[in-house]
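Participant: show me how the following folds:
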Amino acid sequence: MTRLLAFIVLFCAGARLNAQYHSLDSLRTVLEKTDRGAARVDVLNELSYHYFDYDPEAGFKFANEAYSLATDLSYPKGLQTSLTLQGYYYSTTGDFRRALSFYKKSNAIQPSDTGVKG
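Facilitator: From the prediction side, this is the model:
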């Protein structure tokens, strides 16, 4: 009975990980097909969010790229999300002071301003 339970747990964990890789592949495909608009910022933030589960450095890289593009576009929702994700990165690395700084910057953005250039 113990072996069966261990097998089920390992099988479910493997299936979840496989599904996660599949969604990352799908998001990367969408990213390749998305130009420099707000949609690209959203995909970069989504990739960042999913990468933090197993590769925080890659997640941080995508959040930085999303922040840069959102700044160019004056896209508040994208800025807010990317700053939150950058703060999350610093939380996971134990740099809580820097994380709090990013969270405060994110919180200061008014997402109701949906104006997007381009």
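Participant: pLDDT weak spots in the chain?
Facilitator: Along the chain, segments meeting pLDDT under 70 span 1-22, 24-25, 27-28, 30-31, 111-118.
Participant: can you pull out the helices in it?
Facilitator: Shown for the chain, the helices assigned by DSSP state H span residues 2-33, 38-51, 56-73, 76-92, 96-108.
Participant: reformat these as JSON lines; add mean neighbour count.
Facilitator: Quick note: C-beta positions are derived from backbone N, CA and C, even for glycine. Output for those, formatted as JSON lines (neighbours: other C-beta atoms under 10 Å):
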{"stretch": "helix 2-33", "mean neighbour count": "11"}
{"stretch": "helix 38-51", "mean neighbour count": "21"}
{"stretch": "helix 56-73", "mean neighbour count": "19"}
{"stretch": "helix 76-92", "mean neighbour count": "21"}
{"stretch": "helix 96-108", "mean neighbour count": "14"}
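Participant: show me the contacts for Ile99.
Facilitator: Careful, residue 99 is Ala; it's not Ile. Shown in contact with Ala99 (C-beta atoms under 8 Å, 6 or more residues apart in numbering): Gly87, Tyr88, Tyr89, Tyr90, Ser91.
Participant: the fourth one against Lys105, yeah?
Facilitator: No: with contacts counted by C-beta atoms under 8 Å, Tyr90 stays clear of Lys105, the gap being 11.9 Å.
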